[in-house]
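[1] when you get a sec, could you give me coordinates for this:
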Amino acid sequence: MTVQDIRAFNRFYTNVIGALDYSRHLYAPFTLTESRVLYELAHSPRTDAADLRSELSLDAGYLSRILNRFEQDGLIERAPSQRDPRRRQVTLTVRGRETADLLAERADESVGALLATVPDVDRPRLAEALRTVRTLLSGSDRGRPRPEDVVLREPGPGDLGWIVQRNAALYAAEYDFNADYEGLVARIVADFAEDHDPHLERVWIAELDGRAVGCVMCVRDDAPGTARLRLLLVEPDARGLRIGDQLVGAVVEFARGVGYRDLVLWTNDILGAARRIYQRHGFVLSAEKPHRSFGKDLVGQDWRLDLHQRQQ
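    Numbers count the residues shown, from 1 in each chain. Below you'll find the predicted structure:
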């Protein structure tokens, strides 16, 4: 392996993905860097300029020019950070989120078209090769997964079934829930699959190294102007990467962006880790009641988030 080998691969791959003419490649007026900034804002809802600069290793002046353009085009809003008034928090507007979603859709289509040229029998080998490159070039101290390695995406074929299967298996293993819980999850997922409004309801799959490791749903509640967060799950071997926070943050930003006034959820008091995530995002306990479900004596809890409250 020589320097020229890697440089030759870089030239090959940037040509394959259209990096040198990214705006024409995706039929959008954005460079690859601008598209990446939009992606980070869409997947990290509480981001300030310093975070972006550090995460993407961008020159401060270059990033400032990108953000100025986005603000002029109505894609972002900037305000003093609640964590540190010296910093500027950057959030996507509704138009900005729609633009980021469109870019993600076109990027998925582009990569899908590329992947379609690879025979099914060769795809596992390709996936393993990509993981090998990432592991070796990340260095021995960075070989373990990091929060930024997690991708939130829409569900593909089979993912809804995966949500049912993993919820049933994990809750049986960790909390001894019986098959009644699997039945509940199956009904929730079936209702979404058969009849949902894609503009007001959504499912996120958290993916790490090509496999699903988490999920969450946002659906309409019976109460007007209210959305409901459902079926938050993170695989045990992927915990500690802030995946739960990313998933809940995605639901909160989506619900706020499409105009819901409130976001509610129902959980049980034994789910301590999940409850701590909800509290970090501003949810407040509104009611609790003992019940017997899934073969266990439990205390059910209703939590509520006012989406019009000032973001922390």
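
[2] which SS class is the residue nearest to Arg95 when sequence neighbours are not counted?
    Leaving aside its sequence neighbours, Arg95 sits nearest to Gly74 (Cβ to Cβ, 6 or more residues apart in numbering; 5.1 Å). (Glycine included, C-beta is placed from N, CA and C.) Put simply, Gly74 is coil when judged by DSSP: H, G, I helix; E, B strand; the rest coil.

[3] quick one: the strands in the stretch 1-150 of the chain, in order.
    Counting by DSSP state E, counting those that start in this stretch, the stretch 1-150 of the chain has strands at residues 47-48, 76-80, 88-92.

[4] run a quick neighbour tally on Asp297.
    8 (other Cβ atoms under 10 Å).

[5] residue contacts, it?
    Pro290 (Cβ atoms under 8 Å, 6 or more residues apart in numbering).

[6] repeat the analysis, applying 7 Å as the threshold.
    By Cβ atoms under 7 Å, 6 or more residues apart in numbering, the contact set of Asp297 is empty.

[7] so it belongs to a strand, correct?
    Yes. Under three-state DSSP, Asp297 sits within a strand.

[8] what pairs with it across the strands?
    Arg292 (DSSP bridges).

[9] i'd like the first residue to be 882 from this point on
    Renumbered: residue one is now 882, and that last one reads Asp1178.

[10] do you know how far it is from Ala1060?
    17 Å (Cβ to Cβ, to the nearest Å).

[11] quick one: neighbours of Gln970, just the number.
    Neighbours around Gln970, by other Cβ under 10 Å: 20.

[12] backbone phi and psi for the closest residue to Ile1158 other than its chain neighbours, please?
    Nearest residue to Ile1158 in three dimensions, chain neighbours excluded: Gly1125, at 4.7 Å (Cβ to Cβ, 6+ apart). The phi/psi pair for Gly1125 (degrees, to the nearest 10) reads phi -60, psi -40.

[13] for this structure, which spans come out with low pLDDT?
    904, 906-908, 925-927, 963-965, 1019-1024, 1191-1193 (pLDDT under 70).

[14] all helices of it, in order?
    Using DSSP state H, the helices of the chain run over residues 884-897, 903-906, 913-924, 930-937, 941-953, 975-996, 1004-1019, 1040-1056, 1060-1075, 1124-1138, 1153-1161.

[15] I'd like those laid out as a markdown table, including distance to Cys1096 and mean neighbour count.
    Output for these, formatted as a markdown table (distance: least, Cβ to Cβ, whole Å; neighbours: other Cβ atoms under 10 Å):
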| stretch | distance to Cys1096 | mean neighbour count |
| --- | --- | --- |
| helix 884-897 | 31 | 10 |
| helix 903-906 | 30 | 15 |
| helix 913-924 | 15 | 20 |
| helix 930-937 | 24 | 15 |
| helix 941-953 | 30 | 14 |
| helix 975-996 | 18 | 15 |
| helix 1004-1019 | 21 | 12 |
| helix 1040-1056 | 5 | 17 |
| helix 1060-1075 | 10 | 15 |
| helix 1124-1138 | 7 | 22 |
| helix 1153-1161 | 13 | 15 |
